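Peer 1: based on what follows, work out the 3D shape:
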Amino acid sequence: VSVLDIAGNRTGNRRTANVRSLGYSDLFCLAKDDLLVALADYPEAKATLIERGCQLLRKDGLLDEDVFKRAKDTQHSMEDSIKKLESTVENLQSRLARLLAEFSASQAKLKQRLSRVESRNDRDREDEVSDCLTVPTVRKRLRSYEMKKGDFAAGSRHKTM
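Peer 2: Predicted coordinates:
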């Protein structure tokens with residue numbers, strides 16, 4: 001009974017027990033923490049053991065019912081709080097996953113836009129460079145036009161003389 005740590009035990013959870021073995025017996029040693037870990041995996045067995053311990057304490061008049069009820073209510077409220085926290089954590093995890101997916105999609109779109117802007121900028125620079133390269137061609141045409149104009153003017157002079 002003391003190993004179960006039942007709230008309301010008036011003896012203060014002292015470990016007193018008398019055990020007598022009749023015949024051959026195997027002795028197993030289990031630490032209190034190990035028992036509580038094992039009982040956490042089997043809540044029905046834990047409830048059964050606690051109920052049996054309470055019956056034994058009631059029979060001997062060693063159970064304070066008020067303290068036991070308050071501890072039981074506190075346990076239920078803590079379990080409810082834990083369930084609420086678990087649902088809140090699940091909700092937050094799903095929201096975080098959704099927001100992360102939205103962020104990734106937005107980031108991909110922005111990268112595409114940036115690539116398009118950079119490629120347009122590169123094309124504009126290439127156009128500027130090609131414009132700079134075509135200017136001498138225009139100058140050559142202008143010179144050839146001036147030369148022809150000069151030849152025409154020179155030819156007209158010869159005719160007049």
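Peer 1: any idea how far stretch 31-38 is from the chain center?
Peer 2: 33 Å (CA atoms, centre = their mean, to the nearest Å).
Peer 1: would you mind writing the CA trace of it as PDB?
Peer 2: The C-alpha trace of stretch 31-38 is given here as PDB (Å, rounded to 0.1, in the frame of the first residue of the first chain):
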ATOM      1  CA  ALA A  31      11.900  -0.300  -7.100                       C
ATOM      2  CA  LYS A  32       9.100   2.100  -6.500                       C
ATOM      3  CA  ASP A  33       9.900   4.300  -9.500                       C
ATOM      4  CA  ASP A  34      10.000   1.200 -11.800                       C
ATOM      5  CA  LEU A  35       6.600   0.100 -10.500                       C
ATOM      6  CA  LEU A  36       5.100   3.600 -11.200                       C
ATOM      7  CA  VAL A  37       6.600   3.600 -14.700                       C
ATOM      8  CA  ALA A  38       5.100   0.100 -15.300                       C
END
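Peer 1: now do the buried residues in it.
Peer 2: By 16 or more other CB atoms under 10 Å, stretch 31-38 has no buried positions at all. Heads up, the C-betas are built off the backbone N, CA and C, glycines and all.
Peer 1: please apply the same query to stretch 40-51.
Peer 2: Buried residues in stretch 40-51, counted by 16+ other CB under 10 Å: Lys46, Leu49, Ile50.
Peer 1: I'd like the average pLDDT over the helix or strand where Asp122 lies.
Peer 2: According to DSSP states H and E, Asp122 maps onto helix 65-160. Helix 65-160 carries an average pLDDT of 79.
Peer 1: three-state assignment of Leu30?
Peer 2: Secondary structure, DSSP: H, G, I helix; E, B strand; the rest coil: Leu30 is coil.
Peer 1: who are the contact partners of it?
Peer 2: Leu30 makes contact with no residue, according to CB atoms under 8 Å, 6 or more residues apart in numbering.
Peer 1: fine by me, thanks again.
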